[in-house]
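K.L.:
Build the 3D model from these lines:
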Amino acid sequence: MAQTMPLEQRGITASRIALGCMGLGGGWQAGALAEEHYDQAERAIEAAFEAGITMFDHADIYGRGRSEQAFGEILRRRPELRERMVLQSKCGIRLADDRHAQRYDFSKAHILASVDGILERLHTDYIDILLLHRPDALMEPEEVAEALTALKASGKVRHFGVSNMHAGQIRFLQQALDMPLVANQLDMSLYHLDWLDHGVLVNRRSGEAVGFDQGLMEHCQMNNIQLQAWGPLAQGRFSGRSLEGEPEHVRATAELVARLAREKETTAEAIVLGWLMRHPARIQPVIGTTNPDRIRACADAVRQSELMTREEWYDLYNAARGVKIP
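P.N.:
I've put the predicted structure just below:
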């Protein structure tokens, strides 16, 4: 395996795991922030540092802005924490309102306004990485490039990436930019396996139904684009969540994860993340829990990724598929 992450090769000192902050600020519920929300954010940040996690992932829509606000209040109270962090946020999704349906917006005006809002909520002068959240069908790459160039020149954003984009969309956008796209955040986990199956099932009829872009993994690896995994813990399916109503292969996978955790004297979370991080693409999991105990339970994942054998990796993959590989 390569020894460094693509982000590190871009000069970004990021932890192997990032903490996703969508659950902060009371989630999607409306209402004013209270002290309990700030306490939750501070506990999550401290637990992340204890687990060796120094990168934090946001989006302007999380909690309708409340997630960034709760996190930003901790930075306002403790500004010394900022230099210990890599901060990433996203923009481009506009939620439904009284007049309009949900839509995507990569217009220059919206991107610039979104970043100003992000910086204000996070109480910081800059963010390290801005991701374009979901592909905008009306995207005009030259207009996006104008926005990103202005943000870079102003010092408000240091690096840029995308989320949920396929290889063609990345190439289409990149040709208009004079700066590299450094990350692509995708739904990848031991439960959501399309990112693997699309390659394994080449020349198989079963592969025709796989909903993942052919060549995306390879494109990102060849172009030094950091693959980030959202939902990497699979909502706790393999690390203690109730499996009532889940299919048999999910239960069997959870049992295998538990056995490996016992044998290796580690946590189920470390096995699940370690499996993902064992892939040579050097995938960076973005864990979504805000529970301090679960955050700390992820601390051993880097070591487990290094210890995991090829046989253990394929045992987990086959179990999670529910059908053996060809």
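K.L.:
Where do the strands of the stretch 151-300 of the chain begin and end?
P.N.:
Along the stretch 151-300 of the chain, counting by DSSP state E, counting those that start in this stretch, strands occupy 157-163, 181-187, 226-230, 284-287.
K.L.:
and these as TSV, adding mean pLDDT?
P.N.:
Listed next are these as TSV, based on pLDDT from 0 to 100:
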stretch	mean pLDDT
strand 157-163	98
strand 181-187	98
strand 226-230	98
strand 284-287	98
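K.L.:
out of these, which comes closest to Gly117?
P.N.:
strand 157-163 (13.0 Å; Cβ to Cβ). The C-beta positions use only the backbone N, C-alpha and C, and glycine is treated the same way.
K.L.:
before we move on, the earlier item: would you turn the strands of the stretch 151-300 of the chain into TSV with mean neighbour count and distance to Ala252?
P.N.:
Conversion of those to TSV gives the following (neighbours: other Cβ atoms under 10 Å; distance: least, Cβ to Cβ, whole Å):
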stretch	mean neighbour count	distance to Ala252
strand 157-163	22	32
strand 181-187	23	22
strand 226-230	24	22
strand 284-287	25	22
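K.L.:
Turn those strands into TSV, including distance to Ala301.
P.N.:
Shown next, in TSV, are these (distance: least, Cβ to Cβ, whole Å):
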stretch	distance to Ala301
strand 157-163	22
strand 181-187	18
strand 226-230	12
strand 284-287	7
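K.L.:
between those strands, which one is nearest to Asp39?
P.N.:
Asp39 lies closest to strand 284-287 among those, at 19.8 Å (Cβ to Cβ).
K.L.:
hmm, who's touching that closest one?
P.N.:
With contact meaning Cβ atoms under 8 Å, 6 or more residues apart in numbering, strand 284-287 is reached by 5, 7, 14, 16-20, 53, 55, 57, 185, 226-230, 232-233, 273, 276-277, 294-295, 298, 301.
K.L.:
That strand pairs with which strands?
P.N.:
strand 18-20 (parallel), strand 226-230 (parallel) (DSSP bridges).
K.L.:
And the strands of the stretch 151-300 of the chain: which comes nearest Ile61?
P.N.:
Nearest of the strands of the stretch 151-300 of the chain to Ile61, taken as Cβ to Cβ: strand 157-163 at 11.9 Å.
K.L.:
between the closest one and strand 226-230, how many degrees?
P.N.:
60 degrees (axes from the mean of the first three to the mean of the last three Cα atoms, to 10 degrees).
K.L.:
Can you show me the CA trace of strand 157-163 as PDB?
P.N.:
Extracted in PDB, the C-alpha atoms of strand 157-163 (Å, rounded to 0.1, in the frame of the first residue of the first chain):
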ATOM      1  CA  VAL A 157     -10.500  28.600   0.900                       C
ATOM      2  CA  ARG A 158      -7.200  26.800   0.400                       C
ATOM      3  CA  HIS A 159      -8.200  23.700  -1.500                       C
ATOM      4  CA  PHE A 160     -11.300  22.500  -3.400                       C
ATOM      5  CA  GLY A 161     -12.900  19.100  -4.100                       C
ATOM      6  CA  VAL A 162     -16.200  17.500  -5.000                       C
ATOM      7  CA  SER A 163     -18.700  15.100  -3.500                       C
END
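K.L.:
Residue ranges in this protein under the pLDDT threshold?
P.N.:
1-3, 30, 203, 207-208 (pLDDT under 70).
K.L.:
tell me the phi and psi of Ala96?
P.N.:
For Ala96, the backbone dihedrals are phi -60, psi 150 (criterion: degrees, to the nearest 10).
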